[in-house]
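Participant: predicted model and sequence follow; I will ask about them next.
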Amino acid sequence: MATGPGANQTATEREVWRLLAGVPDPEIPVLSIVDLGIVRYVRCGAEGRLHVGITPTYTGCPATVAIRSATRAALDEAGHREALLEEVLSPPWTSDWLTPAGRAKLAAFGIAPPAAAAAAAGRVSEPPCCPRCGSPSTERISEFGSTPCKAHYVCSACHEPFDHFKCI
Amino acid sequence: MSAAAAASARRDPASSDALFRYVLRLADTSLVLGQRLGEWVGHAPALEEDLGLANLALDLLGQARLLLTYAGEIEGKGRDEDALAFLRDAPEFLNLTLAEQPNGDFAQTIVRQWLIDAWQIELYEGLMASADTRLAAIAAKAIKETRYHYRFSSGWLVRLGDGTGESQARAQQAVDSLWRFTAELFTADEIDERMDAAGIAPQLAAAAERWGRRVEEDLGRATLVLPAPQPHPWHGKRGVHTEHLGHLLGEMQHLQRTYPGVRW
């Protein structure tokens, strides 16, 4: 279920994907909403209007409202005032939808990304490698962190605490 | 029953009212439990647990918002999630009695959470196959969060139970004092039976059996004793509550009741 511009997209649809790739997540601004995998589709409907589908990460994530308004503003500024912004609940978002680029950005930012396709494989509680020194020897401090999408770990090798992007 | 049949059942006034009440039961249980967990913010035994409980509360609130919004649409009287959360009185709340019980000590909060997490796992797994596609979508979203909650609460149950003499005594006391509220989780009334027959809700008897096995196994790992079955005099899901709910709502609804229509 990777999201992104497909082969059969119109020029407008491709342009909007590029536009949305510039909308940052308000909590982890190194990630765009496309990196997060929450943009589910961009398509021109039969009636000629553009439809943009966005799905929430967590049901209670306070960033959802900010993401919606930032996306709306980006569409409006680019002249897509008629575009319909739709909330998609099903299928539910999974951390497996983070793009490879998104995972790399997280690691560079100091947040251990979830392993690729780990949620689908049920490997949700595997400890991540330390994003600073790369050691696989890490310890969980808490299942939760500063935002709904993160848990708190510490590295047993370099002793640095770090966030892990939760695998769900 | 197909989705189309479920939709036509919604148009029949009696079925529609039963579905409205059923969805409110789910929504109110998440809302009230989330509000309870929010009371811990700034008071938990450690910063990590403070954040953990607040994160659980946030997920539960998110689930409640989706469910309340849907309930308002089923009712069709123009009530949105805020009207349903902030402008109903206690007898109109249909949450499980267990959810409204006070936080007590950390053990009491963890045991309450674990009992409800284990119940919500059965509930949402069943609802994912619901003939009501909206409920199925909400359940598919909520189950991921609920499994994560259960990891947290069952992990703490074992740490407290199989911990020090003090933590074990407190965990056992919490299990003993909250156990009397668990029969309500699985005692089907006419609304549950109606939802089951319509293919909307999972069958409670089968869910109860799986829940019971899971709870018994966890208690064993936590070196805690399973209490004897107890009768079921509690009817939160019918709107008959313990005195605790009124106090909770007094705080939760204070702002909207004092300044009607105020916006953030």
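Facilitator: The structure has been received and is ready for your questions.
Participant: for stretch A:26-45, which residues meet the burial criterion?
Facilitator: A:26-28, A:31-40, A:42 (16 or more other CB atoms under 10 Å in any protein chain shown). C-beta coordinates here come from the backbone N, C-alpha and C atoms, glycine included.
Participant: over to stretch A:47-54?
Facilitator: So for stretch A:47-54, counting by 16+ other CB under 10 Å, buried means A:50, A:52-54.
Participant: which one of those sits closest to residue B:84?
Facilitator: residue A:54 (24.7 Å; CB to CB).
Participant: that closest one reaches residue A:87, doesn't it?
Facilitator: Yes. Here residue A:54 reaches residue A:87: they are 6.3 Å apart, a contact under CB atoms under 8 Å.
Participant: okay, and the common contacts of those two?
Facilitator: Common contact partners of residue A:54 and residue A:87 (CB atoms under 8 Å, 6 or more residues apart in numbering or on different chains): residue A:68.
Participant: wait, a helix at residue B:123?
Facilitator: Yes. The assignment for residue B:123 is a helix, going by DSSP: H, G, I helix; E, B strand; the rest coil.
Participant: near chain B, which of the buried residues of stretch A:47-54 show up?
Facilitator: With CB under 8 Å from any CB of the partner chain as the criterion, the buried residues of stretch A:47-54 include none near chain B.
Participant: centre-most residue in the chain?
Facilitator: Using chain A here. residue A:36 (1.3 Å; CA atoms, centre = their mean).
Participant: nope, chain B please
Facilitator: Centre-most residue of chain B, counting by CA atoms, centre = their mean: residue B:29, 3.3 Å.
Participant: out of everything not next to it in sequence, what's closest to that one?
Facilitator: residue B:95 (4.3 Å; CB to CB, 6 or more residues apart in numbering or on different chains).
Participant: residues contacting the one you found?
Facilitator: B:25, B:28-29, B:31-33, B:236-237, B:245.
Participant: next one: it from chain A, what distance?
Facilitator: 17 Å (CB to the nearest CB, to the nearest Å).
Participant: helix, strand, or coil at that residue?
Facilitator: From three-state DSSP, the assignment for residue B:95 is coil.
Participant: now swap in residue A:41 and tell me
Facilitator: Quick answer, by three-state DSSP: residue A:41 is strand.
Participant: what sits against residue 143?
Facilitator: Because you didn't say which chain, this covers chain A. A:151, A:166, B:52, B:148, B:151-152, B:155.
Participant: oops, I was thinking of chain B
Facilitator: B:121, B:124-125, B:128.
Participant: if we go to 6 Å?
Facilitator: residue B:124 (CB atoms under 6 Å, 6 or more residues apart in numbering or on different chains).
Participant: can you pull the pLDDT of it?
Facilitator: If you check residue B:143, the pLDDT there is 97.
Participant: so where does it fall, helix or strand?
Facilitator: Residue B:143 is part of helix B:133-161 when elements are defined by DSSP states H and E.
Participant: about what we covered before: from the contacts of residue A:143, which has minimum pLDDT?
Facilitator: For the contacts of residue A:143, the pLDDT minimum is residue A:166, 91.
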